[in-house]
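J.: Have a look at this prediction, sequence included:
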Amino acid sequence: MPKKHEKKTAKGRLDKFYHLAKQQGFRSRAAFKLVQLNKKFGFLESARCVIDLCAAPGGWLQVASKQMPPNSLIVGVDLVPIKPIPRCITFAEDINSYKCRDQLRAELKDWKADAVLHDGAPNVGTAWVQDAYAQSELVLQSLKLAVEFLAPGGTFVTKVFRSKDYNNLLWVFNQLFKKVEATKPPSSRNVSAEIFVVCQEFKAPKRIDPKFLDPRHVFKDLDPVADTALIQSTVDGKNSAQSIKIASNAVANVFEPEKKRRKREGYDEGETILFKAIGAKDFIESQDPISLLGTFNEIQFKRDEDKPFADPTKTDDNIKACCSDLKVLGKKDFRNLLKWRKIWREDMGIEVPANHPSKEEEEGKEKVEVTEMDEDEAIDQELERLQSEKDKRSRKERRRRNEARQKKVLKMQLSMTTPMDIGMDVQDEALHGGEEFFDLVNGGAHKRVAAGEEAGSSESEQSEGEESEEDDLEAEERRKRQLEAEMDGMYEEYQHKVSERDAKHRAREARKKNEHNDEWYGFTKDKDEEDEGEESEEGGYELFNKRKEVEETYDTDDEEDDAEEREEEEEREEARRAAREAALDRGQGPNFEDHDVQMEDDEGDVENLVQSLESGKDKDARQSREAAIWFDNPLFKGMQGLDADDEDDDEEEEDEEDDEEEEEESDVSEEGEDVEMSEDEASGTDSPPTDAENEDQWRFEDEDQDVIKQKKIQEKGLTTAEAISLASQLVNREKSKSDLIDDGFTKQNFVDKSDLPQWFLDDEQHHYKPNIPVTKEAVQALAARQRALDARPIKKVAEAKARKKMRAMKQLESARKKAEGISDNVDISEREKAANIDKVLRKAGAKQKERKIQVVVAGGSNKGKGRPKGVKGRYRMVDSRGKKELRAQKRRDKAAGKKTTSSTSRKPRIPNGYGGRN
Ligand SMILES: C[S@@+](CC[C@H](N)C(=O)[O-])C[C@H]1O[C@@H](n2cnc3c(N)ncnc32)[C@H](O)[C@@H]1O
């Protein structure tokens, strides 16, 4: 036999109201039903006398006792005894018995009850049909007691089950009360067939026909219309036919009150359950939804075939809530449910969407037109919405850019940005679509306008400031986006280049710094010249050809670079094509196309940055390379105006220099500068920069060497002690380059390993370590460098320090001014001036506040026992002699006219074993 709590849990009865009841000390969760009913109808607050029929265990009594005014009379009765409840009188009786009636009369004396409550339920669970009937009988019995004890205008609250007799009961209620309302409080479980009927404003008829309260008559299976005569005669002679109809079709008539529906019979005979559910599919497919809504308690989505109908796109939470309890549907809920059914039926093809009525066929055309207009309007509205969204986005983007710019300016003002950063910021801004960049583009646009093309660019110039011209703004935004997309690839290259330049700049600075002691930067001129002696005697043309040949033969990296560049170029071209097509699709093709064509056609136009970026890149790069090689010939060495780096004509360096130049030149040509620029660079002549920025931007031939060296150092391992040792040997002429090459000829190299087994090769690779001697100095140098690196603060710390320093300087500056003011003041004495200045300076942080050290004589209780009692802050333990000496010193100072500024101006003698303590 299952335990009690298991039984409850199995039914899912331990819900939140169960726990709430426990929490709030109610004896049953049913208490919340009364709370909710009273909240809705408010019958307890004004009641002075209440009878609770079937009250055990007493939840409702508790609620009544809480909500009713003090000194009210609350009487509860139940079959089972109820534990005493404050302010409540209870007794155990069957409400069907005369004894119960008598006892109630005895308790109430001549009082009349303002409310009669009935929450009784027979002990259900054996035969459901009898249970339902017993319930109805119990309700009728409670009504009987209510009629007897209720005061006129009183309220009767009862629990009824949705059974066959439900409507009959309602009909009776309606005869005796002015207002009858059936409701299901939220605390009543959905699975329960119970409904609460609140009958208000008791009519208190002088005489009531006993048949009204006789179950044999009330629950007789009658046609209510046929019974009209019977009832007419019994209720105060009033015509109650309409009441009967309403009572019998209470639910159906909510939707169509005029239409007579078939009689609601409640549960069929033989039904064993009071709660009935129907699947969503069945409901939707049924031809008589209204009667189903009246018959069933719930539309369910549990079966597989019903689940699709729970699709949230068509079945929202509101519909689901309606489906979960069909007994308390309002008019709106009813409509919504039927609309929902209709939608599904149309979706399933069961119903065809309603066409225009046939009688309006002639007007059909007009109607169609009206519909089209509506659609147009909808589209317009949608477009407007999209437009405004886009505008919003673009505004937001502009605001974001402005904010970023402001931040940058602020950073610059706070000296948190290096000049190089600032330059980059400006470039960034331009290439991200800032005004500078678009000025260039707009420049191009002006040209197009002049050429007679219809271009939107001139409008776009103004559209920045004219947000009201939404179309222009939109076009401008689109164009910007297109251009930005085009420029993305180029910007990446730009960033790459800037970072390279940055590295070059740093390298150049480092070299300047270490001009005389740069032991790691390689090979001496003499040595190089020795090595290159033969080659330097070759003629320029031969050298040029030779290098070109070498380059073409071996310079695979460059070829790869070129190939990569070509690929990138192809990708960009592809992207542009796609963008063009997209633009054409959107109907803005001509402008965009023209723009692009213009970009491609005007290759020679240096004014148009975008065009020149696209033009003859490969050709220029090649010419630049050739020119660079040509002018690198030692014959040009020493010629006025040529770059100092020409002196560094080490073969390897030259090769790499060439490589570097190629990269630069290709970059340059990509960034829009002309071949002339590259030639200038290659020849080593500095083209006069147009402005400071250009100078920074384009003059970096000096840096090539440094970067190559830096690269080499990083690649070839001056980060290891071995490499440093070798390098220092080279620099100190302990070894020559040829020695190093000779060392390279070992048994490990130049041996045909093709026949060796793999395991041997693996083993060899794993265990063989070249034995390169490492000097102590090299290790020390490496360690020192690492320490220096470690000691470098991270950027944020450096910035914070810089900010702090700046603040301190500002404060000091203002303090200095104040101090000057004070010293110029003739109204105060010198001593005051000194004191004031001291104060000002201290405030500015120039002077540290001297921390006072208390001198404590070590003796008695203080001796050797830690901090002396009552002494706070810093203190110094001295013996009594030390203290005496200190006083004597003070006296002497005073006598000598000196002023001791503090007790620490002369340190007392501190005996051994006593240190300063904090
Ligand atoms: C659901 S409980 C009432 C709960 C109560 N309202 C509360 O808040 O605690 C139903 C009660 O009806 C009582 N009952 C059923 N038939 C009855 C009868 N003929 N006379 C008196 N009480 C009856 C049962 O004993 C049971 O305690």
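T.: Thanks, I have it.

J.: For the residue in the stretch 401-550 of the chain positioned nearest to the ligand, give its distance to residue 397.
T.: Ranked by Cβ to the nearest ligand atom, the top residue of the stretch 401-550 of the chain for proximity to the ligand is residue 403, at 64.0 Å. Just so you know, the C-beta spots here come from the backbone N, C-alpha and C atoms, and that holds for glycine as well. Distance, residue 403 to residue 397, using Cβ to Cβ, to the nearest Å: 11 Å.

J.: Comparing these two, which residue is more hemmed in?
T.: Applying other Cβ atoms under 10 Å to residue 403 and residue 397 shows that residue 397 carries more neighbours, namely 13 against 10.

J.: Quick check, the residue in the stretch 701-850 of the chain closest to the ligand?
T.: For the stretch 701-850 of the chain, Cβ to the nearest ligand atom, closest residue to the ligand: residue 796, 67.9 Å.

J.: returning to what we had before: state the distance from the residue of the stretch 401-550 of the chain closest to the ligand to residue 396.
T.: For residue 403, the distance to residue 396 - Cβ to Cβ - is 10 Å.

J.: Next SSE downstream of the strand or helix carrying the residue of the stretch 701-850 of the chain closest to the ligand?
T.: For residue 796, the host element (DSSP states H and E) is helix 795-824. Heading C-terminal from helix 795-824, the first helix or strand you meet, by DSSP H and E, is helix 830-843.

J.: what packs against that following helix?
T.: Packing contacts for helix 830-843, counted by 3 or more Cβ pairs under 8 Å, 6 or more residues apart in numbering; DSSP states H and E, involve helix 795-824.

J.: now the helix it packs on against helix 830-843, angle please.
T.: In terms of direction (axes from the mean of the first three to the mean of the last three Cα atoms, to 10 degrees), helix 795-824 departs from helix 830-843 by 170 degrees.

J.: which of the residues in helix 795-824 are buried?
T.: 799, 815, 818-819, 822 (16 or more other Cβ atoms under 10 Å).

J.: With distance to residue 175 and pLDDT added, can I get those in a markdown table?
T.: Output for the buried residues of helix 795-824, formatted as a markdown table (distance: Cβ to Cβ, whole Å; pLDDT from 0 to 100):
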| residue | distance to residue 175 | pLDDT |
| --- | --- | --- |
| 799 | 88 | 87 |
| 815 | 97 | 88 |
| 818 | 98 | 88 |
| 819 | 102 | 88 |
| 822 | 102 | 87 |
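
J.: Out of those residues, the closest to residue 177 would be?
T.: residue 799 (81.6 Å; Cβ to Cβ).

J.: what's whatever residue of the stretch 301-450 of the chain ends up closest to the ligand in contact with, if anything?
T.: The nearest approach of the stretch 301-450 of the chain to the ligand comes at residue 327, 18.9 Å away (Cβ to the nearest ligand atom). Counting by Cβ atoms under 8 Å, 6 or more residues apart in numbering, residue 327 makes contact with 162, 184, 195, 251, 297.

J.: Reformat the buried residues of helix 795-824 as JSON lines; add distance to the ligand.
T.: Converted to JSON lines, the buried residues of helix 795-824 look like this (distance: Cβ to the nearest ligand atom, whole Å):
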{"residue": "799", "distance to the ligand": "71"}
{"residue": "815", "distance to the ligand": "81"}
{"residue": "818", "distance to the ligand": "82"}
{"residue": "819", "distance to the ligand": "86"}
{"residue": "822", "distance to the ligand": "86"}
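
J.: Tell me which two in the residues you listed are the farthest apart.
T.: The distance between the two most remote of the buried residues of helix 795-824 (Cβ to Cβ) is 34.5 Å, for 799 and 822.

J.: and the closest residue to residue 138 other than its chain neighbours, what does it touch?
T.: Distances taken as Cβ to Cβ, 6 or more residues apart in numbering place residue 120 nearest to residue 138, at 4.9 Å, with adjacent residues excluded. Applying Cβ under 8 Å, 6+ apart to residue 120 gives the contacts 53-54, 95, 138-139, 142, 159.

J.: and these, which of them are in helices?
T.: Within the contacts of residue 120, residues falling in helices by DSSP state H are 138-139, 142.

J.: closest point of the stretch 201-350 of the chain to the ligand, which residue?
T.: For the stretch 201-350 of the chain, Cβ to the nearest ligand atom, closest residue to the ligand: residue 215, 13.5 Å.

J.: can you tell me the helix or strand for residue 772?
T.: Here residue 772 is assigned to no helix or strand, by DSSP H and E.

J.: tell me the domain ranges of the chain?
T.: Structural domains assigned to the chain are 15-223, 248-256+273-351, following the TED database.

J.: Let's have those domains in CSV, adding distance to residue 855 and mean pLDDT.
T.: Converted to CSV, the domains of the chain look like this (distance: least, Cβ to Cβ, whole Å; pLDDT from 0 to 100):
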stretch, distance to residue 855, mean pLDDT
domain 15-223, 67, 88
domain 248-256+273-351, 80, 78
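
J.: Grab the longest strand from this structure for me.
T.: Looking across the chain with DSSP state E, the single longest strand is strand 150-161.

J.: quick one: that one near the ligand?
T.: No. Strand 150-161 lies apart from the ligand when judged by Cβ under 6 Å from any ligand atom; the minimum separation is 7.8 Å.

J.: got the CA coordinates for the helix or strand following that strand in CSV?
T.: Next helix or strand after strand 150-161 toward the C-terminus (DSSP H and E): helix 166-176. Extracted in CSV, the C-alpha atoms of helix 166-176 (Å, rounded to 0.1, in the frame of the first residue of the first chain):
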residue,chain,number,x,y,z
TYR,A,166,-24.1,21.7,-13.3
ASN,A,167,-26.4,23.7,-15.4
ASN,A,168,-29.4,22.9,-13.3
LEU,A,169,-27.6,24.0,-10.3
LEU,A,170,-26.6,27.2,-12.0
TRP,A,171,-30.2,27.8,-13.0
VAL,A,172,-31.3,27.4,-9.4
PHE,A,173,-28.6,29.8,-8.2
ASN,A,174,-29.7,32.3,-10.7
GLN,A,175,-33.2,32.2,-9.4
LEU,A,176,-32.1,33.0,-5.9
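
J.: Pull out the buried residues from helix 166-176.
T.: Neighbour-count burial for helix 166-176 [16+ other Cβ under 10 Å]: 166-176.

J.: sorry, back to before: out of the domains of the chain, which is closest to residue 874?
T.: domain 15-223 (59.0 Å).

J.: nearest to residue 843, of the contacts of residue 120?
T.: residue 159 (81.5 Å).

J.: Surely that closest one and residue 193 touch.
T.: No. Using Cβ atoms under 8 Å, residue 159 makes no contact with residue 193, being 10.2 Å away.

J.: Compute the number of surrounding residues for residue 731.
T.: The tally of other residues near residue 731 (other Cβ under 10 Å) stands at 16.

J.: And residue 107, by the same measure?
T.: 19.

J.: Likewise for the one 4 residues further on?
T.: Residue 111: 15 surrounding residues under other Cβ under 10 Å.

J.: So it: helix, strand or coil?
T.: Assigned by DSSP: H, G, I helix; E, B strand; the rest coil, the conformation of residue 111 is coil.

J.: dump the residue contacts of the closest residue to it other than its chain neighbours.
T.: Leaving aside its chain neighbours, residue 111 sits nearest to residue 49 (5.0 Å; criterion: Cβ to Cβ, 6+ apart). Residue 49 makes contact with 72-75, 108, 111-114, 151, according to Cβ under 8 Å, 6+ apart.

J.: Sweet, I'm off.
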